[in-house]
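J.: Below are the sequence and a predicted model; questions follow.
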Amino acid sequence: MLWNLLSPHQITKRTISTALRRQFENKVPAKQKLFQEDNGIPVHLKGRIADALLYRATMVLTVGGTACAIYQLAVVSLPKKQD
């Protein structure tokens, strides 16, 4: 009976300790160097093209949404003409 209780614990320990570990290149030092250099670029744009595209898309959607909201407020606030 005791063997049945200890068995799952040993299986999980064995599985974790003998698992194949993948070797990945550590990219953190390169990213730290990129983001810490003082080149006048804001930190939210230092990730190159992907960050620039996301930033511009966000700004376009924000400005477009604000313009649409102001237009809808103007339409709703003005009364319709009676013909």
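T.: Arrived safely, thanks for sending.
J.: Neighbours of the closest residue in space to Lys46 that isn't next to it in sequence, how many?
T.: Spatial nearest neighbour of Lys46, excluding adjacent residues (CB to CB, 6 or more residues apart in numbering): Phe35 at 5.4 Å. Backbone N, C-alpha and C define where each C-beta goes, glycine included. Phe35: 11 surrounding residues under other CB atoms under 10 Å.
J.: what kind of secondary structure is Phe35 in?
T.: Here Phe35 takes the helix state, with states given by DSSP: H, G, I helix; E, B strand; the rest coil.
J.: what's the distance between the longest helix out of those in the chain and the middle of its chain?
T.: Taking DSSP state H as the criterion, the chain has its longest helix at helix 49-77. Taking CA atoms, centre = their mean, to the nearest Å, one finds helix 49-77 lying 20 Å from the centre of the chain it belongs to.
J.: in the chain, which ranges drop under the pLDDT threshold?
T.: 1-21, 83 (pLDDT under 70).
J.: Could you double-check that His44 lies in contact with Ala52?
T.: No - if you go by CB atoms under 8 Å, His44 and Ala52 don't touch, sitting 9.5 Å apart.
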